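Enquirer: coordinates for the following, if possible.
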Amino acid sequence: MDNKELILNFIRKHKLCVLATQCKGMPQAAVVEFGENESLELIFDTFSNSRKVRNIRRNPNVALVIGWDENITVQYEGKATKLNGKELELYKKVYFAKNPEAKKWDKQKGVIYFKVEPRWIRYSNLNSRPWKVLEINEFKQQDKAHVQKLGKAY
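Expert: Numbers count the residues shown, from 1 in each chain. Okay, here's the model as predicted:
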């Protein structure tokens, strides 16, 4: 199993993460439900009037932490982008495949969706001796064909 597959398998086991944004140099964190795809992009929804949305509009660079139980975690840094149009519909399929109960919010006024494209990911397993720490910091840009394929894969 390669590093990307190990990280993806770990991320798939979790539905919640902590999303960190910043406002005027001060950090702000929120727990969000998320989905993921094969490219290690994360998808989440939120209300358009939330602090995280205001912060992302000013600065799309975000950090997330996934998993904190059992001494295994993923730290994730990336760029958040609001989803629209056909891309939105494809990514919602991924999100709802993992979080079917979130469909109840889909038609709620003000609910919007973001994808986060990874720039740096660190997987840490503190149960290993020595600790197992893996980093990925090279990611290929998705092409439109892959995004279209994405909707059929889930």
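Enquirer: please count neighbours and contacts with C-alpha atoms only from this point.
Expert: Fine.
Enquirer: state the number of residues packed around the nearest residue to Glu138 once chain neighbours are set aside.
Expert: With Cα to Cα, 6 or more residues apart in numbering as the criterion, Glu138 has its nearest non-adjacent residue at 7.0 Å, and that residue is Arg119. Neighbour count of Arg119, defined by other Cα atoms under 10 Å: 17.
Enquirer: gap between Arg119 and Leu40?
Expert: Distance, Arg119 to Leu40, using Cα to Cα, to the nearest Å: 10 Å.
Enquirer: in the biggest helix by length in the chain, what counts as buried?
Expert: In the chain, assigned by DSSP state H, the helix with the most residues is helix 85-98. Going by neighbour count (16 or more other Cα atoms under 10 Å), the buried part of helix 85-98 is Leu88, Leu90, Tyr91, Lys92, Lys93, Val94, Tyr95, Phe96, Lys98.
Enquirer: next secondary structure element downstream of that helix?
Expert: Proceeding N to C from helix 85-98, the next assigned helix or strand is helix 103-106, under DSSP states H and E.
Enquirer: contacts for that following helix, please.
Expert: Phe96, Val111 (Cα atoms under 8 Å, 6 or more residues apart in numbering).
Enquirer: partners of the helix or strand following that helix in the sheet?
Expert: Counting by DSSP H and E, the next helix or strand C-terminal to helix 103-106 is strand 111-125. Paired neighbours of strand 111-125 in the sheet (DSSP bridges): strand 42-47 (antiparallel), strand 72-82 (antiparallel), strand 132-136 (antiparallel).
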